[in-house]
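1. this one's sequence-less:
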Ligand SMILES: CCCCCCC[C@H](O)CC(=O)SCCNC(=O)CCNC(=O)[C@H](O)C(C)(C)COP(=O)([O-])OP(=O)([O-])OC[C@H]1O[C@@H](n2cnc3c(N)ncnc32)[C@H](O)[C@@H]1OP(=O)([O-])[O-]
Ligand SMILES: NC(=O)c1ccc[n+]([C@@H]2O[C@H](COP(=O)([O-])OP(=O)(O)OC[C@H]3O[C@@H](n4cnc5c(N)ncnc54)[C@H](O)[C@@H]3O)[C@@H](O)[C@H]2O)c1
């Protein structure tokens, strides 16, 4: 709702729609009637628009998008233009986070003031729409093209000071915002409005417009990777160089173009899915959920193993203000890790310049230092026997109520937990590399993991700024189990005629930041090799004795990755993998050695080369992954498709404008088409079980049920 209060000659319209004052239909209606009342009330000489509670407004109500309510009168564009047309000065006063439609209201106003706490942003491009309501036309007129491009196309937020400097704000206040705003409104009530109407101004620096737009266009063409919103938003900004009314028409056209594209649906789904997964529950038992399970308070954490992951995990924990005890068996590695951590926290190694966060770190080789920690995250080598041994040790050195978590990429949580006397306090907390950058935390519960332990791991994720997703225990859990098939098929495509760079190029055009072969070289081919060795699929010397080269454990198998690892070609860390890397460069260069290795492998095994289309590369690399997602839902190892999609969006760089693998299958490909495609490849590749369609998919495709409908109502 919106409240209407008169302060002498000033009418104050205060949005009051907690928690985020989003501009839902009922709020818009009350704002409009308040505005009309103020305009008709002759005692009123100026108007203030502001918000009640923690923030001004998070903008339009995203949950109304796609429903009639979003367009119900007064629509947001109508409300904004009513403000712009006001013949009494309108002052918008904002505080806290101010986004989207809230900025539109402010730009349509004659004056803008804000509390110093304000954070101003236009996240529309992130949900696949143009910031319409005149934003793309008025903002450039106020702050210039460069800043408008940064805010609209890159969704960069602005602080109060920046907004004052760029001219977006007229004043920054530190006192009580309401009284400041009323005072300010009184001070301008006699001012002429003509030159205060932003729409009537020219865009400053228009003479260099083409350079600014060109540079931005070049950057976007490189980075958009199939997402249409950024370039469309740039076109809208370009229209601000036209007369205002013409530009407004162009903005509306471009807005409509995105509003009706499937990408905005996918981006909105991704936005809401990240919030939905917070409302976790145990897939097999809904009574255990985010409302019923109380997390333990975690103040100190032990991290075991100071390698690639241990370092990243420690940085996250310290940045969140937690105390950390870092344990590493190898003293040299420990010292290296401490330097890395202190450097990334902005300190230097000798104490007096250490940042406060770094001061919370205690690094040692002595396990007994873990005696007082509330939780331990283990990140030693991916070896089950080793992990069971260290969990036994942890069980004896830590306090009985401490939670023991493992960062394993896919080993059996129950097998690790059974090495302790407290399996109820054992859980998987699977970070993604680089752990201090990737926002995903895949939490894996075991057969005995208690609701309290789950709640604690989910809360820890939120505390360190991660999005926690709860999944069940199976080999590779959800992420790696599905992703593994993407890599398996990518290698089969090499046997059948493609080169690594062909496959990577197609998946990067689809929208991935990196294709599977570049990702393997980045993460290190040895990580997955060790896992294949652990699974008995291969050995350090090649195929296990009496095992056919191209067929392992009942399935077709491609040994090319093993062959590279046996030559020590692990990727960037060894200067060569699927690609070669010149020293100091991360540019992946096609390598004749790999080309020859693939050629020889085909010749030696009578594998025919053929031309492979981009469509086939997309289908072969993505559809088995999606099919496995359906199997995971069938097995009740994930609460819903949103959980799987968030894992891929935040853990594997799945292109956000396609919503994630499950959304993409449901809304873009169509389950019927997906099923027929799986059946086609099953017939062509009978020795790959991953082409057998999941029965859940079959049921939905034949009944014409959508995954969204199947999942609707399943969340708490
Ligand atoms: C003709 C029609 C034309 C229309 C034209 C539109 C033009 C306009 O330019 C478009 C916009 O304004 S586009 C809009 C531009 N604005 C944005 O894109 C907003 C982006 N929002 C954010 O970035 C973050 O939510 C905040 C930083 C605001 C708060 O972060 P935090 O403190 O971590 O909190 P949290 O966990 O993130 O959210 C808490 C709950 O609020 C929910 N919710 C949030 N925003 C919502 C919204 N706008 N709406 C509805 N709901 C919204 C969220 O789902 C969650 O719900 P749940 O049921 O509990 O799961
Ligand atoms: N690298 C990745 O991309 C990635 C991503 C997610 C999860 N993981 C998982 O995280 C774990 C660690 O992987 P990593 O890449 O950081 O490995 P790493 O080889 O970089 O580091 C492991 C560290 O553990 C130390 N260590 C070994 N045994 C120890 C013991 N008994 N006590 C104390 N320290 C010991 C080693 O000295 C080494 O420094 C593995 O389970 C791996 O599967 C890795």
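-> That came in fine, so what should we check first? Here the structure is a predicted model, which is why all the values come from computation and not from measurement. Ligands and ions are numbered 1, 2, ... in the order given.

2. of all of the chain, which residue lies closest to ligand 1?
-> Nearest residue of the chain to ligand 1, counting by CB to the nearest ligand atom: residue 100, 2.3 Å away. C-betas here are computed from N, CA, C, even on glycine.

3. and that residue, what is it in contact with?
-> With contact taken as CB atoms under 8 Å, 6 or more residues apart in numbering, residue 100 is in contact with 58, 59, 60, 121, 122, 123, 124, 131.

4. I'd like to know which of the residues you listed is nearest to ligand 2.
-> Using CB to the nearest ligand atom, the contacts of residue 100 come closest to ligand 2 at residue 123, 29.3 Å.

5. Let me see the contact set for the closest residue to the closest one other than its chain neighbours.
-> Leaving aside its sequence neighbours, residue 123 sits nearest to residue 155 (CB to CB, 6 or more residues apart in numbering; 5.0 Å). Residue 155 makes contacts with 121, 122, 123, 124, 125, 126, as judged by CB under 8 Å, 6+ apart.

6. Mind putting these into a markdown table with distance to ligand 1, secondary structure and neighbour count?
-> Output for the contacts of residue 155, formatted as a markdown table (distance: CB to the nearest ligand atom, whole Å; DSSP: H, G, I helix; E, B strand; the rest coil; neighbours: other CB atoms under 10 Å):
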| residue | distance to ligand 1 | secondary structure | neighbour count |
| --- | --- | --- | --- |
| 121 | 8 | strand | 19 |
| 122 | 7 | coil | 30 |
| 123 | 4 | helix | 17 |
| 124 | 5 | helix | 30 |
| 125 | 10 | helix | 23 |
| 126 | 7 | helix | 19 |
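
7. Save these as a markdown table, and put in pLDDT too.
-> Below are the contacts of residue 155 laid out as a markdown table (pLDDT from 0 to 100):
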| residue | pLDDT |
| --- | --- |
| 121 | 98 |
| 122 | 98 |
| 123 | 97 |
| 124 | 98 |
| 125 | 97 |
| 126 | 97 |
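
8. Grab the two from those residues that are most spread out in space.
-> Farthest-apart pair in the contacts of residue 155 is 121 and 125; separation 10.6 Å (CB to CB).

9. hang on, the earlier thing: quick one: the residue lying closest to the residue of the chain closest to ligand 1 once chain neighbours are set aside from residue 670, how far?
-> Closest residue in space to residue 100, ignoring its immediate chain neighbours: residue 59 at 2.6 Å, by CB to CB, 6+ apart. Distance, residue 59 to residue 670, using CB to CB, to the nearest Å: 32 Å.

10. can you check residue 79 too?
-> For residue 79, the distance to residue 670 - CB to CB - is 38 Å.

11. again with residue 126
-> Noted for residue 126: a distance of 26 Å to residue 670, by CB to CB.

12. Residue 59 and residue 670: who's more crowded?
-> Using other CB atoms under 10 Å, the more surrounded residue of residue 59 and residue 670 is residue 59, with 27 against 13.

13. I'd guessed the more buried one sits against residue 27; true?
-> No - with contact defined as CB atoms under 8 Å, residue 59 does not reach residue 27; the gap is 11.3 Å.

14. What residues sit buried inside stretch 658-677?
-> Neighbour-count burial for stretch 658-677, counted by 16 or more other CB atoms under 10 Å, picks out 658-667, 669, 671, 674-675, 677.

15. Phi and psi next, for the nearest residue to residue 297 once chain neighbours are set aside.
-> Excluding the flanking residues, the one nearest residue 297 by CB to CB, 6+ apart is residue 374, at 7.2 Å. Note on residue 374: backbone dihedrals following degrees, to the nearest 10 are phi -90, psi -20.

16. ok, residue 374 touching residue 300?
-> Yes - counting by CB under 8 Å, residue 374 touches residue 300, with 5.6 Å between them.

17. Show me the domain layout of this protein.
-> Annotated domains of the chain cover 2-259, 286-467, 498-604, 614-712 [automatic domain parsing].

18. The shortest one: how far from the chain's middle?
-> Read it as domain 614-712. Relative to its parent chain, domain 614-712 has a centroid offset of 20 Å by CA atoms, centre = their mean, to the nearest Å.

19. all numbers from here: first residue = 141
-> Renumbered: residue one is now 141, and that last one reads domain 754-852.

20. So is that domain next to ligand 1?
-> No - contact of domain 754-852 with ligand 1 (CB under 6 Å from any ligand atom) is absent, the minimum separation being 10.9 Å.

21. Compute the first-to-last residue distance for that domain.
-> 34 Å (CA to CA, to the nearest Å).

22. quick one: average pLDDT of that domain?
-> Here domain 754-852 scores 96 as its mean pLDDT.

23. Can you point out the buried residues in the longest helix along the chain?
-> Across the chain, the longest stretch assigned as helix under DSSP state H is helix 754-774. By 16+ other CB under 10 Å, the buried positions in helix 754-774 come out as 756-773.

24. what does stretch 352-361 give?
-> 352, 353, 356, 357, 360.

25. How about stretch 311-330?
-> Buried residues in stretch 311-330, counted by 16+ other CB under 10 Å: 312, 313, 317, 318, 320, 321, 322, 324, 325, 326, 328, 329.

26. Looking at the residues you listed, which are in helices?
-> Short answer: the buried residues of stretch 311-330 in helices (DSSP H) are 317, 318, 320, 321, 322, 324, 325, 326, 328.

27. Columns distance to ligand 2 on top of the residues you listed, output as a markdown table?
-> Shown next, in a markdown table, are these (distance: CB to the nearest ligand atom, whole Å):
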| residue | distance to ligand 2 |
| --- | --- |
| 317 | 46 |
| 318 | 50 |
| 320 | 50 |
| 321 | 50 |
| 322 | 55 |
| 324 | 53 |
| 325 | 55 |
| 326 | 59 |
| 328 | 57 |
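
28. between those residues, which is nearest residue 590?
-> Checking those against residue 590 by CB to CB gives residue 317 as the nearest, at 45.8 Å.

29. Quick check: bridge partners of residue 142?
-> On the basis of DSSP bridges, residue 142 is bridged to residue 155.

30. Isn't it up against residue 171?
-> Yes - here residue 142 reaches residue 171: they are 4.7 Å apart, a contact under CB under 8 Å.

31. Mutual contacts of those two, please.
-> By the contact definition CB under 8 Å, 6+ apart, residue 142 and residue 171 are jointly contacted by 153, 155.

32. for residue 270, phi and psi?
-> The phi/psi pair for residue 270 (degrees, to the nearest 10) reads phi -80, psi 140.

33. Which residue is the nearest non-sequential neighbour of it?
-> Distances taken as CB to CB, 6+ apart place residue 395 nearest to residue 270, at 4.4 Å, with adjacent residues excluded.

34. Am I right that that neighbour is in a strand?
-> No - counting by DSSP: H, G, I helix; E, B strand; the rest coil, residue 395 falls outside a strand, being helix.

35. I'm done for today, thanks for sticking with me.
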